[in-house]
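S.K.: Kindly return the folded structure for what I paste below:
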Amino acid sequence: MGTIPESPLGRAARYPDAYDPGLLYPVERAPQRAALGLTGPLPFGGADHWTAWEVGWLDLERRPRAGIATFAVPCESPRIVESKSVKLWLASVNHARFATPTGLRDALARDLSAAIGATIEVAIDLPDTWHRHARRDLAGVCIDDETPASRPAAPDATLLRAATDRVDETLLTHGFRAVCPVTGQPDYATIAIAYRGPRLDRAALAGYLSGFRLHPGFHEHCVERIFLDIAGACRTELLRVEARFTRRGGVDINPVRATPGLSLAPSAPTFRQ
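M.R.: Model prediction:
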């Protein structure tokens, strides 16, 4: 297994002119989780939900076809796939011929499952079903007007605070920002934090989340860190963290992590996606 510096990320790349599943670049989850102290059973369930908006292929008469592909990488999988490699792989699919969309779906699922080390199901939406990707606002109370209690240079769980009264609520921020750990490019997301337990101090939470603005972290890793930090600092009974990242290169990634009892299903795309 290679390392991130050896991956296609951050390198000039020639887009492929032939279908090539070997372009997928797997990355082990274990090292990043070990850095968070996760070495045993996972304290959450969930998946990383990907939407590929620019999937194209050729039918048997070489007519170009278009679709939207969705797939979910279970959080229990030993590996993820590096995002630029996914974009290059999907670009290579543009040159492949498939008799039916089902044939395309099966090929994509086979390629991803082999790279990730877990069974992946892929859905292909053709134009007559694209309406199911209609945008919606996430439900919850937005904290973006809160004045952050602090402005840390990096994520710091000790900044989180909770009151003694107990609530069941969902808090949102549309201003989340982290950076790619290889290229330094910014990644933007809406974050939804649904929980039951001691009331989170919103100003403290806003400050904590602002610490990610220059933090080098992959989407999945950021969500797992937020989950673990809030669960540890605030003694939540139930907790669900979902990030809806804006697309880059025609692909968006939307990790969900939740304790048993809360939904693991992803929300609808947001208006920025």
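S.K.: for the strand or helix carrying residue 88, what is the average pLDDT?
M.R.: Assignment of secondary structure by DSSP states H and E places residue 88 within helix 83-93. Averaged across helix 83-93, pLDDT comes to 95.
S.K.: Please, where are all the strands along the protein?
M.R.: 26-28, 45-58, 64-74, 79-81, 122-125, 141-142, 162-179, 186-200, 238-245, 251-258 (DSSP state E).
S.K.: any chance of these in a markdown table, plus mean neighbour count and distance to residue 230?
M.R.: For the C-beta atoms, the positions are set from N, CA and C on the backbone; glycine is no exception. Output for those, formatted as a markdown table (neighbours: other CB atoms under 10 Å; distance: least, CB to CB, whole Å):
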| stretch | mean neighbour count | distance to residue 230 |
| --- | --- | --- |
| strand 26-28 | 19 | 25 |
| strand 45-58 | 21 | 15 |
| strand 64-74 | 18 | 22 |
| strand 79-81 | 22 | 22 |
| strand 122-125 | 20 | 31 |
| strand 141-142 | 12 | 16 |
| strand 162-179 | 15 | 9 |
| strand 186-200 | 20 | 7 |
| strand 238-245 | 24 | 6 |
| strand 251-258 | 24 | 11 |
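S.K.: Among those strands, which comes closest to residue 15?
M.R.: strand 45-58 (12.3 Å; CB to CB).
S.K.: The closest one to strand 238-245, inter-axis angle?
M.R.: 20 degrees (axes from the mean of the first three to the mean of the last three CA atoms, to 10 degrees).
S.K.: now for strand 45-58, which elements pack on it?
M.R.: Counting contacts by 3 or more CB pairs under 8 Å, 6 or more residues apart in numbering; DSSP states H and E, strand 45-58 is packed against strand 64-74, helix 83-93, strand 251-258.
S.K.: between it and strand 64-74, how many degrees?
M.R.: 160 degrees.
S.K.: quick revisit: for the helix holding residue 88, C-alpha coordinates in CSV please.
M.R.: This file holds the C-alpha atoms of helix 83-93, laid out as CSV (Å, rounded to 0.1, in the frame of the first residue of the first chain):
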residue,chain,number,x,y,z
SER,A,83,-10.3,11.6,-4.3
LYS,A,84,-8.2,12.6,-7.3
SER,A,85,-7.6,9.0,-8.2
VAL,A,86,-11.4,8.5,-8.2
LYS,A,87,-11.8,11.4,-10.6
LEU,A,88,-9.1,10.1,-13.0
TRP,A,89,-10.7,6.6,-12.8
LEU,A,90,-14.2,8.0,-13.7
ALA,A,91,-12.6,10.0,-16.5
SER,A,92,-11.2,6.7,-17.9
VAL,A,93,-14.8,5.3,-17.8
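S.K.: How about the contacts made by residue 22?
M.R.: Residues near residue 22 by CB atoms under 8 Å, 6 or more residues apart in numbering: none.
S.K.: Show me the shaky parts of the stretch 101-250 of the chain.
M.R.: For the stretch 101-250 of the chain, no stretch has pLDDT under 70.
S.K.: on that earlier part again, with distance to residue 166 as new columns, can the helices and strands packed on strand 45-58 be given to me in CSV?
M.R.: Output for the helices and strands packed on strand 45-58, formatted as CSV (distance: least, CB to CB, whole Å):
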stretch, distance to residue 166
strand 64-74, 31
helix 83-93, 38
strand 251-258, 19
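S.K.: With distance to residue 34 added, can I get the strands of the chain in a markdown table?
M.R.: What follows is the strands of the chain, written out as a markdown table (distance: least, CB to CB, whole Å):
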| stretch | distance to residue 34 |
| --- | --- |
| strand 26-28 | 10 |
| strand 45-58 | 19 |
| strand 64-74 | 19 |
| strand 79-81 | 15 |
| strand 122-125 | 30 |
| strand 141-142 | 34 |
| strand 162-179 | 20 |
| strand 186-200 | 22 |
| strand 238-245 | 20 |
| strand 251-258 | 17 |
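S.K.: picking up where we left off before, which one of the helices and strands packed on strand 45-58 lies closest to residue 20?
M.R.: Across the helices and strands packed on strand 45-58, closest to residue 20 is helix 83-93 (CB to CB), at 4.6 Å.
S.K.: and residue 37, which of the strands of the chain is closest to it?
M.R.: strand 251-258 (15.0 Å).
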